[in-house]
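Colleague: Here is the input, now give the coordinates:
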Amino acid sequence: MSLWLHEIAESGHRILDPFTDAQLREVGSVARVGADTRVLDLACGKGEMLCRWAQELGCAGVGVDISEVFVTAARHRAEELGVADRIVIEQGDAATYRFAPGTFDIASCIGATWIGDGVAGTIDLLRNAVTSSGLVLIGEPFWHEAPPAEAEEAISGRPGAFTDLAGLLERFDAAGTDLVEMVLADQHSWDRYVAAQWWNLRDWLDASRADPLAPEVRQFLDHSRRVHLYYQRRYLGWGVFVLRPTR
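Modeller: So this is what the prediction gives:
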């Protein structure tokens with residue numbers, strides 16, 4: 001999905017993943033975020049997780065995202081919630097962001113493990129950011145049940161990109177981490193995330209009928225609805241997984 005399509009589809013979203021406010025709060029609770037916690041969030045989107053945790057749990061942190069649109073929204077959100085003194089939002093490529101090793105208590109990448117070319121590579125990006133007792137948070141899809149080939153092609157575009165929960169556990173183990181907690185999306189939160197994108201895309205189309213990009217946006221809207229209703233609701237789950245590095 002092109003970045004500009006992402007920006008249109010999620011123009012009305014605060015949370016850019018299939019989580020509700022309550023689920024986002026629950027992740028902060030199970031990860032034991034508090035006033036002394038310093039968080040790095042790579043591919044932070046609109047910064048809702050960082051800003052809400054700073055407001056509600058008292059943490060400080062740094063968010064990095066490549067989208068100027070999302071970075072602007074994240075900085076505005078930090079100001080809106082009164083946490084701009086504790087939350088720094090930087091625009092840049094999360095895959096190449098430089099930090100001092102061991103600076104953070106939590107390093108996260110929620111729903112964007114393409115920055116490390118998959119789960120293992122993303123864990124490698126994050127582990128050096130945290131202290132010896134720090135945590136890594138990964139947001140990642142998984143299969144509820146083995147999908148037919150046409151579902152895997154429609155959703156992920158490449159065989160083996162996703163696995164089931166047991167397979168994720170094996171990937172976490174192989175990457176040198178212990179899974180210590182998790183919070184999973186449900187069908188309702190998936191619907192709220194995806195269906196709200198359809199509204200945003202349709203609004204853009206109604207306002208931009210003469211735009212040369214309109215046919216591509218229309219195609220994406222049609223594809224998104226069919227993939228979600230034909231396959232995604234049944235086969236695909238999503239969650240945030242709390243990991244403790246073992247090496």
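Colleague: How about the contacts made by Val119?
Modeller: Going by CB atoms under 8 Å, 6 or more residues apart in numbering, Val119 touches 113, 138, 140, 168, 171-172, 175. Every residue, glycine included, has its C-beta placed from N, CA and C.
Colleague: How about Arg247?
Modeller: Gly176.
Colleague: ok, now Gln23?
Modeller: 183, 185, 189.
Colleague: quick check: mean pLDDT across the one helix or strand it maps to?
Modeller: Element membership for Gln23 (DSSP states H and E) is helix 21-30. The predicted model assigns helix 21-30 a mean pLDDT of 97.
Colleague: who does the next helix or strand after it pair up with?
Modeller: With elements assigned by DSSP H and E, the helix or strand that comes after helix 21-30 is strand 38-42. Applying DSSP bridges, strand 38-42 is found paired with strand 60-65 (parallel), strand 104-110 (parallel).
Colleague: Name the next helix or strand downstream of the last one, please.
Modeller: Read it as strand 104-110. Counting by DSSP H and E, what follows strand 104-110 is helix 119-127.
Colleague: So what angle separates the directions of the helix or strand following that following helix and strand 104-110?
Modeller: Proceeding N to C from helix 119-127, the next assigned helix or strand is strand 130-143, under DSSP H and E. Orientation of strand 130-143 against strand 104-110 (axes from the mean of the first three to the mean of the last three CA atoms, to 10 degrees) gives an angle of 20 degrees.
Colleague: got the buried residues for strand 130-143?
Modeller: 130, 134-143 (16 or more other CB atoms under 10 Å).
Colleague: Need the mean per-residue confidence for the helix or strand hosting Met49.
Modeller: Using DSSP H and E, Met49 sits in helix 48-57. Per-residue pLDDT over helix 48-57 has a mean of 98.
Colleague: Mind listing what's buried along stretch 66-76?
Modeller: Applying 16+ other CB under 10 Å to stretch 66-76 flags 66-67, 69-71, 73-75 as buried.
Colleague: Most distant residue from the centre of this structure?
Modeller: Ala210 (32.3 Å; CA atoms, centre = their mean).
Colleague: helix, strand or coil for that residue?
Modeller: Classification of Ala210 using DSSP: H, G, I helix; E, B strand; the rest coil returns coil.
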